[in-house]
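*Asks:* Just to be clear, the model below is a prediction. Sequence and coordinates:
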Amino acid sequence: MTEDQSVDASADAVELLQSVVRVARAIFGAAASSVFLLDHATHELVFQAVAGAGEQSLIGTRFPADRGIAGWVAMSGDAMVVDDLSTDATFARDLAESTRYVPNALMAVPLIDRGNVLGVLEVLDPAAQSRTDLAELDLLQLFAAQAATALRMVLAHRSQPAAGFAALRTVQQLTPSDRAAGLQLIDAMRALLATTS
Amino acid sequence: MTSTTVPLRRAGAQKLTELSWGLRGCGPQDIPVQAAGVFRTAVTPELALGSSTGHGVRVCVVDSGIEADHPAVGALSGCYRVDGEDLAVVETDPGDSCGHGTACASIIRQAAPDCELYSVQVLGSSFSGTGNVLLAGLRWAVQQRFDVINMSLSTTRPEFVQALHEMADDAFFARSVIVAAAHNSRVESFPWRFSSVISVGSHQQEDPALILYNPRPPVEFFAQGQNVRVGWLNGSTIRTTGNSFATPRITGLCTRILAKHPQLTVFELKSVLYQIAANVGAASATENEV
């Protein structure tokens, strides 16, 4: 996803992300897991999938990408693990507003593909060991890397028909002389390929 | 015809295996290092630190800002932020968009209680052009010649590498030490990857005093970053884990060393860290003969 693309998850992407949060929740024995995709156009994180505690109806909810733990993860491109959040009133209120679930512990990791942050995967209230162990953080990052690659492939697949239509529109807009020149070029390339094969 | 081969390594030098990015599953006993026999006198923690509290040393936290009047952080000597429009660094009220900068500051305050703490906010003041904002903040900190700059952040964007590298070298020669967190996952990011900064990862021992040197960099030093209690928003504390929180521990250590030995250059400071690391043993008496 490039910086000027807005978030518009297709059915395939939604299905993939739903699978990602379900598996993340199971791996870490968590109360919930969620994925936010980054909308570069509006600088917002968009709630795209949730498993466990939380509301499916919240999918599509947006919040500023420069605030909070998910925001730090999206901006820095690095993971964060926090525990004992119940003492942080601001965090609790913000998250309560966006997810209607207030965790005491949180693991957050960026979904990065080829250097670009696509979004953030969060695991809420994981099993006790996962809250402080570096090895568990490594595991989440490995899983997130796989999820980001899969997401990129789904998004790329989605964009292929659109690219085809765009090419067709370009051809249709050519003048007759440009169109003839283009066909000439294609014939020449075909002939060249025939001689070298 | 037989070709002449050049020895790959000096006799007596330690055999290096593959580069190491972390110490997962390893303890100090797994990475023993014998100090090179070039030092006439062993540098001990007592010699390096004594009773230093970091008094008078100027430390800048380049992060998400620092919360005002946080009990775990105390007084701040100055707060600045990068304007997202023109990338100018302007004075601002204390504040933290996330809690991460406050967490780092609280560790530095604990490690070097009498240092002068400054903040330059590069995350949370503007989302657009995050990399440019980070660069502008670090450049400003280097220009201000802070004694120690804590960077628990990095960027993977290749377009910023050259500028960051030049900045890190400028800081090195200007006696501003950049202490930079390695990325938590095994990815190339910057500036921690440069040899002119002090790069930090987390070991898995829950001992705030334990500092380890990595004989197989790129990550050079390890400190406690696992299960650390830190300052957070609204005067609260939380527990957290990651290289971000090992880094201010080394920042605090550098601050204490510089308070006691203000004349040290960055490479001398790094050598002192190496010599006081728990896994680095003193060279034998004969090796110390020069």
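*Replies:* Nice, I can see it. Numbering: from 1, shown residues only, chains lettered A, B, ... in the order given.
*Asks:* what's across from residue B:240 in the sheet?
*Replies:* Beta-bridge partners recorded for residue B:240 (DSSP bridges): residue A:82, residue B:228.
*Asks:* ok, it to residue B:232 distance?
*Replies:* Here residue B:240 is placed at a distance of 8 Å from residue B:232 (Cβ to Cβ, to the nearest Å). (C-beta placed from N, C-alpha, C; glycine too.)
*Asks:* Spit out the residues that contact these two alike.
*Replies:* When contacts are counted by Cβ atoms under 8 Å, 6 or more residues apart in numbering or on different chains, residue B:240 and residue B:232 are jointly contacted by A:82, B:103.
*Asks:* ok, residue B:80 to chain A distance?
*Replies:* Per Cβ to the nearest Cβ, to the nearest Å, residue B:80 is found 17 Å from chain A.
*Asks:* Which positions in stretch A:12-21 come out as buried?
*Replies:* For stretch A:12-21, a neighbour-count test (16 or more other Cβ atoms under 10 Å in any protein chain shown) marks A:13, A:16, A:17, A:18, A:20, A:21 as buried.
*Asks:* ah, wrong one, I meant stretch A:61-78
*Replies:* Neighbour counts over stretch A:61-78 (16+ other Cβ under 10 Å) mark A:61, A:63, A:65-78 as buried.
*Asks:* start to end distance for that stretch?
*Replies:* Using Cα to Cα, to the nearest Å, the end-to-end distance of stretch A:61-78 comes out at 23 Å.
*Asks:* touching chain B at all, it?
*Replies:* Yes: on the criterion Cβ under 8 Å from any Cβ of the partner chain, stretch A:61-78 is in touch with chain B at A:64, A:65, A:66, A:67, A:68, A:69, A:71, A:72, A:75, A:76, A:77, A:78.
*Asks:* Sitting in strands, which of those do you find?
*Replies:* Taking DSSP state E as the definition of strands, the residues of stretch A:61-78 next to chain B contribute residue A:64.
*Asks:* need the residues of stretch A:61-78 next to chain B in CSV with pLDDT, can you?
*Replies:* Listed next are those as CSV, based on pLDDT from 0 to 100:
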residue, pLDDT
A:64, 86
A:65, 87
A:66, 81
A:67, 81
A:68, 83
A:69, 88
A:71, 88
A:72, 88
A:75, 89
A:76, 88
A:77, 89
A:78, 90
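*Asks:* Go over the secondary structure and confirm residue B:202 is in a strand.
*Replies:* Yes: the assignment for residue B:202 is a strand, going by DSSP: H, G, I helix; E, B strand; the rest coil.
*Asks:* okay, it: pLDDT?
*Replies:* Note on residue B:202: pLDDT of 95.
*Asks:* In this model residue B:243 seems to touch it, though I could be wrong.
*Replies:* Yes: taking Cβ atoms under 8 Å as the definition, residue B:202 is a contact partner of residue B:243 at 5.1 Å.
*Asks:* what do these two both touch?
*Replies:* Residues touching both residue B:202 and residue B:243 (Cβ under 8 Å, 6+ apart) are residue B:225.
*Asks:* got the residues of the stretch 101-250 of chain B near chain A?
*Replies:* Within the stretch 101-250 of chain B, the positions near chain A by Cβ under 8 Å from any Cβ are B:123-128, B:130, B:153-158, B:183-185, B:187, B:189, B:202, B:204, B:225-227, B:232-234, B:236-242, B:244.
*Asks:* What's the mean pLDDT across the strand or helix carrying residue A:151?
*Replies:* Assigned by DSSP states H and E, residue A:151 falls within helix A:134-172. Mean pLDDT, computed over helix A:134-172, is 73.
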